[in-house]
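Trainee: Below: sequence and its predicted model.
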Amino acid sequence: ERLGRALGRFVANQVFTKDEVARLVARLDLPTILRGFLTDPETAKPAAQAMAGLLPRLLAPVEDGRARRAIARIVPRLLGGPSSGRLVARALRGLVDGGKHHQAIDFLLGEFRHLLIAKEEVLRRVIEDRVREQGGRLVGWALGATVAKQVIGALNKELDKVGPNGSEVRAAFDEWARREIDRMESDPARAAEIGRAIRSVVAHDTVQAWMWDVWARARHALEADAAKPNGHAVALIQGSFANLGAMLETDEAARARVHLAAATVTAQLMPNAQERIADFIAGVVASWDTRTITEKLELRVGRDLQYVRINGTLVGFLAGGALWAALTTIFGKVSF
């Protein structure tokens, strides 16, 4: 047992040292090893399948009621925080700069036209009734239909004028949208107002129910896809591995981060690893049978042991004989 403890301490403190392990890690080209693992289909695909298989277990706790309540509190705060107004402004600026907001205008105008067509008769009667209220029955009977026709025709004409190019209404809308975006980016009060509006919308019970319905459908689809060996989730994870491997091949900063991470993790694990190694060696040696370990040691160092035994015998004989001869010469034979 003492031999095992001493051997364990020796290996842990003199062989498996922090400096020696750090030098070994520094000599290893870990980014290249990791890149080869990530880009090799033989290893990347099984790893991607294993990670995809973990998705159901990672998603399962979200179904818990406490998780639902926590997310219901956290999501509105995240989406409605102080920076949400600026994020909305950036998104809107991208839409306006790309002209995507005109599609929204076209959609609204189209829906308004359909509404006018569907409600034309109702609108006509409303206008006629209004003319009759203001001018009397005679005027309403004589001019009500004409006024209604003129009003509806004017509305359709104005809608036709709001074209994609050269429309004053669109230009005014562009100016108003850009002004509001600038205000959201520069005015903290306006940004906070947008954040409160988003928070109130997201926190509404109807929106919460809709979000959980969408999440349930997405989770079910993810779990079903993750169970497929060649599903979209596996392909996506494997593609991410390939992208990471390509980055490790060309990006020196990423390679340096991998080396730094490996050195940091190794340094943090070293004290515990040294203790475990020492205990492991001590336990293994302590479990050996005394007779068995003695025989093994004798077989391993048998010649050296025989040399020591013979050499000790000869040296002892010569030393004893020399001492006896010296004493006899000096004192003569002495009888006791």
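Mentor: Received it, and whenever you're ready, just let me know what you need. A quick note: this is a predicted structure, and the numbers were derived from the prediction, not measured.

Trainee: continuing past the helix or strand of the chain with the lowest mean pLDDT, what's the next helix or strand?
Mentor: One helix or strand of the chain scores below all others by mean pLDDT, DSSP states H and E: helix 120-161, with a mean of 64. Per DSSP states H and E, the first helix or strand lying C-terminal to helix 120-161 is helix 168-186.

Trainee: Need the pLDDT of residue 323.
Mentor: Per-residue confidence (pLDDT) for residue 323: 90.

Trainee: how many other residues sit next to it?
Mentor: 10 (other Cβ atoms under 10 Å). C-beta: built from backbone N, CA, C; applies to glycine.

Trainee: Figure out the helix or strand that it lives in.
Mentor: Per DSSP H and E: residue 323 is located in helix 302-331.

Trainee: How is residue 199 assigned, secondary-structure-wise?
Mentor: Here residue 199 is helix, with the state taken from DSSP: H, G, I helix; E, B strand; the rest coil.

Trainee: Against residue 180, how distant is it?
Mentor: 19 Å (Cβ to Cβ, to the nearest Å).

Trainee: Please compute how far the helix holding residue 323 lies from its chain's middle.
Mentor: 76 Å (Cα atoms, centre = their mean, to the nearest Å).

Trainee: which strands and helices sit next to it?
Mentor: Helix 302-331 is packed against no helix or strand, with contacts defined by 3 or more Cβ pairs under 8 Å, 6 or more residues apart in numbering; DSSP states H and E.

Trainee: ok, now with 10 Å
Mentor: helix 290-300 (3 or more Cβ pairs under 10 Å, 6 or more residues apart in numbering; DSSP states H and E).

Trainee: The helix it packs on versus helix 302-331: what angle between them?
Mentor: In terms of direction (axes from the mean of the first three to the mean of the last three Cα atoms, to 10 degrees), helix 290-300 departs from helix 302-331 by 80 degrees.

Trainee: Now do helix 290-300, average pLDDT.
Mentor: Mean predicted confidence for helix 290-300 is 79.

Trainee: What is the burial count for residue 46?
Mentor: Counted with other Cβ under 10 Å, residue 46 comes out at 13.

Trainee: for residue 289, same thing?
Mentor: Neighbour number of residue 289 under other Cβ under 10 Å is 9.

Trainee: who touches it in this structure?
Mentor: The neighbourhood of residue 289, defined by Cβ atoms under 10 Å, 6 or more residues apart in numbering, consists of 295-296.

Trainee: Offset the numbering so it begins at 81, please.
Mentor: Taking 81 as the first residue, the last one we looked at is residue 369.

Trainee: and it, backbone torsions?
Mentor: Residue 369 adopts backbone torsions of phi -70, psi 140, taken as degrees, to the nearest 10.

Trainee: And the pLDDT at residue 358?
Mentor: Per the predicted model, pLDDT is 90 at residue 358.

Trainee: Chain neighbours aside, what residue packs nearest to it?
Mentor: Sequence neighbours aside, residue 88 is the residue nearest to residue 358 in space, at 3.7 Å (criterion: Cβ to Cβ, 6 or more residues apart in numbering).
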